[in-house]
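1. quick one, fold the following:
(2 chains)
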Amino acid sequence: MKLILVPVGLAALVVAPWVVTDPFYVHLMIMVLMWTVLGASWNVLGGFAGQVSFGHSAFLGAGAYTTMILYLNLGISPWFGIVLGGVAAAVIALPIGLICFRLRGPYFALSTMAVAEIIRLVALNWESLTNGPVGLLITTLPPVTIAGSPLDWESKVPFYYIVAALAVGSLAAVAVLARSRLGAYLLAVRDDIDTAEAIGINTVQVRVSALALSAFLAGVGGGFYAMYLRYVDPDAVFSIALSVEMVFIAVVGGLTTVMGPLIGAVFLVSLGETFRTHFLTGHLIFYGLFMMVAIRYMPEGIWGWLRLLVANRLGVRNA
Amino acid sequence: METLIQSIVSGVLTGSLYAMIGVGLTIVFGVMRIINMAHGDMVMLGMYGAFWAHVAWKIDPFLSIVLCVPAGFVGGVLLYRFLLRKIVPGGELNTLLYTAGLSLFVANLALLIWTGDYRTIKLPYAIMPLRPMGISVPIPLAIAFVMAILLTAALYWFLVHTDTGRAIRATSQEPEAASLMGISVGRISMITFGLGTALACGAGVLLAPSLYLYPTVGEILVAKCFVIVVLGGLGSVPGAIAGGLLLGLAESLGAVYVSVPYKDAIGFVLFLLVLLFKPAGLFGEGKS
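-> Purely as a prediction, here's the structure:
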C-alpha cells in the first residue's frame, strides 16, 4: 500500500504545476510545502524527542538572514546559501541546546521562547549586520539556465520545484530518522528520560542531535522563505507567531508521524490562506480551533486519526 | 538622582499591574498545574471590556472593573468546566499546547471582530500627570496602581482567611491529601481558574487607559507573565507579587541605565538565569 502511495505522491508533485496554473494556487502549494518543511523540522524535536519548543523561529530566522546576507554581501548564490542557512541554524542551535536542555517539559518550552525573543531583539538592534527593523531586500535573483533556457524567477513555478524538493527531502530525512537507532533513542527519551538515561543512552547528546537536525531543516526552510519573499525583517522571521505556527502544523497534522506535518500543512495552510482572501485579519483562527480539537480528540493528529479510520474499515472488511 | 527616583516610581507602578497578572497565572498553575498560554488574551479581553463599556455606555474605565471582574470569573469557571477539565489529566505539555490553541483562537477571533486597529481610551483627567516633588506620575497609572494593590490584597486575604482560600492553598500544596481531607478538588479547581481569569481581566481593565489596545497585545503580555511567575517561583503568590515588582523595576531601570533597545531582553535574560540556577524561584517557594 505504502509502496504505491509514495511514487503516486511524487508524480502528483511533479505534475501539479502543469495542472494548476492559477498563480494563487501555485502560491498556496508553495506555502503548503514550505510549512511542511518547517512542520517536519519541529516534529523531529517536538514529536520524536518530545521536547516541545516555542522558539523555532530562531532557527528559521537564522537561516533566512544567513542566506540573505551571504547573497547580498558576498554574492554567494542562494543554491548554496539555503544549505548554509541550515548549517548556521544548526550551529546556533548548539549553545541554545546546552542552555535549554537543562530544563524539562514546559520549562524547556518557556526557555526556548525566551531565547528566541532575545535573538529577535538582537537582530532588531544589530543594525550593521541585519539592517535593523528596516530589514533586507533583494531585487534580482541570480540567472540560472536549465537545458539552455533561462529560468523565469518572476513565475512562481521554479520556486515550487525547489520547495517541493526540500519538502520531499525533509520528509525522507524524518522517515530515515524514524527507522534509525537515533530515532529509537529519541522515542526512549520522549517516553521517560530517566529510564533512557539509566539504560545508558547519552540523553544530552541524543537531544542535541535531534535539535541540530531540527534546526538545520528549519534554517533551510527559512532560507527558502527569504528567497521566495525576497525580503526579511526581524519581526517577519523571528516572531513568536511563526514558532507557534510550526508547533500547530506538526501537532494538528500528527505528532511523531512522518507524514503528519504534510497533512497538517495541507489542511491548516489551505484553510488559513483561503480565509485570508476573504477576510483581512484573523486567518489563524482555525489553527487555534484545530489545535484544541486535536489535543482533545486526536492525540496523533489528523494523520493518526485517518490511519485509525482506515485500519478500522479494513479490519471490519477482513472480519 | 531625580531620574533614579522617577524610574523607580514608574517601575513600581507598572510592576504592581504585572504582579496582579502574575498572581492570576500562578494560582492556576499551583492548583491545576496548568501553564495557561491564554492568560495574556484574558488580559486583552479585560482591556476591550473596559474600552467598549467606555464607548457604549460612557462608563469610566476604572468603574467598569465591577462588571469585568465578575464576568471574567464566570467566563473562567465555564472555560474550565467545559473545556479544560478534560485536558488537565493529560499532563502539563498537553495543557500548554491546548491553551496555546485557545490563545490563538481568542486573539484571532478578536482580530476578526474588532480588527487589528490600535485603539486608545481618552480620559479628561489623563492629560496632565501629577507632579509630586518633580516626579511625573500619570494619573491613570496611579489609580491603576492603587486598585491593583487593593484587588491583590483582597485576593491574598481571601486565600489566607477564608475556608475556600485555605482549600485552594491546600490543593496547591498537595492535591491528593487535600481530597482525602474532604476538599472537592474539582470545585476548587473551577473556582481557582475563575479567580485567575478574573484577575487577568481586572488587570486588563486597569491597563486599558495606559496602553494601546489591539487584539494581539496578549502575546507580549503572556511572555512577561511567565517571566514574572518564574522569577518568583511557579505556584507562589508572594513570589508572583515580588516577581512583578522586580520585572517592572528591571525594565524601567534597565531602560535608563542599560539600554533602551534591550529593555525587553532584560526580563528574558533574568528569566533564563533564574530557570537555570534557581528553578524554584528567587525565594525558593515555587515548585519546579
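
2. need the residues that contact stretch A:212-221.
-> Residues from elsewhere that reach stretch A:212-221 (Cβ atoms under 8 Å, 6 or more residues apart in numbering or on different chains): A:34, A:37-38, A:40-42, A:44-45, A:53, A:56, A:59-60, A:62-63, A:66, A:82-83, A:85-90, A:92-94, A:97, A:166, A:170, A:173, A:177, A:246. All C-beta atoms are positioned from the backbone trio N, CA, C, and that covers glycine.

3. so of the residues you listed, which ones are in helices?
-> A:34, A:37-38, A:40-42, A:59-60, A:62-63, A:66, A:82-83, A:85-90, A:92-94, A:97, A:166, A:170, A:173, A:177, A:246 (DSSP state H).

4. for the top helix by length along chain B, the distance to its chain's centre please.
-> Counting residues, the longest helix found in chain B (DSSP H) is helix B:2-32. Its chain's C-alpha centre and that of helix B:2-32 lie 8 Å apart, by Cα atoms, centre = their mean, to the nearest Å.

5. let's test this: mean pLDDT of it, rounded?
-> Throughout helix B:2-32, pLDDT has a mean value of 89.

6. kindly report the same for stretch B:105-121.
-> Mean per-residue pLDDT for stretch B:105-121: 88.

7. anything in it near chain A?
-> Yes: interface with chain A: stretch B:105-121 contributes B:105-109, B:111-112, B:115-116 (Cβ under 8 Å from any Cβ of the partner chain).

8. which one is B:Gly15 nearest to, not counting chain neighbours?
-> Excluding its sequence neighbours, the residue lying closest to B:Gly15 (Cβ to Cβ, 6 or more residues apart in numbering or on different chains) is B:Gly248, at 2.4 Å.

9. what helix or strand is the one you found on?
-> helix B:237-257 (DSSP states H and E).

10. next secondary structure after that helix?
-> Counting by DSSP H and E, the next helix or strand C-terminal to helix B:237-257 is helix B:263-277.

11. between that following helix and helix B:2-32, how many degrees?
-> For helix B:263-277 against helix B:2-32, the angle by axes from the mean of the first three to the mean of the last three Cα atoms, to 10 degrees is 50 degrees.

12. the residue nearest to B:Gly15 and chain A: what is the separation?
-> To chain A, B:Gly248 is 18 Å away according to Cβ to the nearest Cβ, to the nearest Å.

13. by contact count, what packs against the helix holding B:Gly248?
-> helix B:2-32, helix B:139-161, helix B:217-232, helix B:263-277 (3 or more Cβ pairs under 8 Å, 6 or more residues apart in numbering or on different chains; DSSP states H and E).

14. other SSEs contacting the longest helix of chain B?
-> helix B:39-57, helix B:139-161, helix B:163-173, helix B:185-207, helix B:217-232, helix B:237-257.

15. what residues of stretch A:58-77 count as buried?
-> Buried residues in stretch A:58-77, counted by 16 or more other Cβ atoms under 10 Å in any protein chain shown: A:58-71, A:76.

16. most centrally placed residue in chain A?
-> Closest to where the C-alpha atoms of chain A average out (Cα atoms, centre = their mean) is A:Leu38, at 0.5 Å.

17. so who does it touch?
-> Applying Cβ under 8 Å, 6+ apart, the residues contacting A:Leu38 are A:56, A:60, A:217-218, A:221, A:245-246, A:249, A:261.

18. and if we set it to 10 Å?
-> A:56-57, A:59-60, A:167, A:170, A:217-218, A:220-222, A:224-225, A:242-243, A:245-246, A:249-250, A:261, A:265 (Cβ atoms under 10 Å, 6 or more residues apart in numbering or on different chains).

19. B:Leu141 now?
-> B:9-10, B:13-14, B:16-17, B:126, B:129-130, B:206-207, B:209-210.

20. can you do 8 Å?
-> Counting by Cβ under 8 Å, 6+ apart, B:Leu141 makes contact with B:10, B:13-14, B:210.

21. gap between it and chain A?
-> According to Cβ to the nearest Cβ, B:Leu141 and chain A sit 25 Å apart.

22. and for B:His39?
-> 13 Å.

23. show residues contacting stretch A:22-30.
-> The contact list for stretch A:22-30 (Cβ under 8 Å, 6+ apart) reads A:16-17, A:20, A:156-157, A:159-160, A:163, A:228, A:269-270, A:273, A:277.

24. now do A:Ala147, the pLDDT please.
-> Reading off the model, A:Ala147 has pLDDT 68.

25. what residues does the stretch 51-200 of chain A have near chain B?
-> Of all the residues in the stretch 51-200 of chain A, those lying near chain B are A:52, A:54, A:99, A:102-103, A:105-107, A:109-111, A:113-115, A:117-118, A:121-122, A:124-125, going by Cβ under 8 Å from any Cβ.

26. rewinding a little: give me the buried subset of the contacts of stretch A:212-221.
-> Taking 16+ other Cβ under 10 Å as the criterion, what is buried in the contacts of stretch A:212-221 is A:34, A:37-38, A:40-42, A:44-45, A:53, A:56, A:59-60, A:62-63, A:66, A:82-83, A:85-90, A:92-93, A:97, A:166, A:170, A:173, A:177, A:246.

27. can you pull the contacts of A:Ile285?
-> So A:Ile285 contacts A:275, B:104-105, B:108-109, B:112 (Cβ under 8 Å, 6+ apart).

28. let's see it at 7 Å
-> The contact partners of A:Ile285, taken as Cβ atoms under 7 Å, 6 or more residues apart in numbering or on different chains, are B:105, B:108-109, B:112.

29. how near is B:Thr26 to B:Val205?
-> 20 Å (Cβ to Cβ, to the nearest Å).

30. same question but for B:Pro61, I mixed them up
-> Separation of B:Pro61 from B:Val205 (Cβ to Cβ): 6 Å.
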